[in-house]
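**Q** when you get a sec, could you give me coordinates for this:
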Amino acid sequence: MPFCSQCGNQVEGTDVFCAKCGARQPHVPPRPADAFASISPRTASILCYIPALGWICSIIVLASERFRENRVVRFHAFQGLYLFVAYLIDDWVLKPMFMAIPHVHIYGIIQIVLLGMSVFMIIKASHDEAFALPIIGELAEKSVSER
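**A** Numbering: from 1, shown residues only. The predicted structure is shown next:
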């Protein structure tokens, strides 16, 4: 049972003021509810592959306490992050390199392939399958196994 911060009188945890001295009691806010309480593991896995936004969902999923022990969801989160890194490499490295060469649009082809991989992984995640993409999937499996 807590005590008054001014006079030391016993107060209830819900009291705003002390009954003896009338001093305002410091309010300890209740711990916020888990934001992921209503999100299923399948939904969390699917959100990790949404193009352009999946990296944010992946970071939130990896940081959440709820999915800390769920290896499948963490696998999808890591793989979604690595897929986003592949998008960045294509956009920041390959596109400027090949812009100088006329009629070569390999970066566009790679973007289409990466988009296809995202859609494919959304479908796999919706079926609760932890499909490992080449190279990216191996990195995700290593990341999940490391603690």
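**Q** where does the chain have its least confident helix or strand?
**A** helix 95-99 (a mean of 88; mean pLDDT, DSSP states H and E).
**Q** can you name the next helix or strand after that helix?
**A** Per DSSP states H and E, helix 95-99 leads on to helix 106-126 as the next helix or strand towards the C-terminus.
**Q** neighbouring contacts of that next one?
**A** If you take CB atoms under 8 Å, 6 or more residues apart in numbering as the criterion, helix 106-126 is touched by 42, 45-46, 48-51, 54, 76, 79-80, 83, 86-87, 90-91, 94-95, 98, 130-131, 133. For the C-beta atoms, the positions are set from N, CA and C on the backbone; glycine is no exception.
**Q** buried subset of those residues as a ChimeraX selection?
**A** Those of the contacts of helix 106-126 that count as buried under 16 or more other CB atoms under 10 Å are selected in ChimeraX with:
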select :45,46,48,49,50,51,54,76,79,80,83,86,87,90,95,130,133
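**Q** thinking again about what came up before, packing partners for the least confident helix or strand of the chain?
**A** Under the contact definition 3 or more CB pairs under 8 Å, 6 or more residues apart in numbering; DSSP states H and E, helix 95-99 sits against helix 106-126.
**Q** got a list of what the most far-flung residue of the chain relative to its centre touches?
**A** Each residue of the chain has a distance to the centre, and by CA atoms, centre = their mean the biggest one is for Lys20: 48.6 Å. Lys20 is in contact with Cys4, Cys7, Asn9, counting by CB under 8 Å, 6+ apart.
**Q** helix, strand or coil for it?
**A** Here Lys20 is recorded as coil under DSSP: H, G, I helix; E, B strand; the rest coil.
**Q** and the gap between it and Val11?
**A** Lys20 sits at a distance of 9 Å from Val11 (criterion: CB to CB, to the nearest Å).
**Q** quick one: contacts for the closest residue to Cys21 other than its chain neighbours?
**A** Nearest residue to Cys21 in three dimensions, chain neighbours excluded: Cys7, at 4.3 Å (CB to CB, 6 or more residues apart in numbering). Shown in contact with Cys7 (CB under 8 Å, 6+ apart): Cys18, Lys20, Cys21, Ala23.
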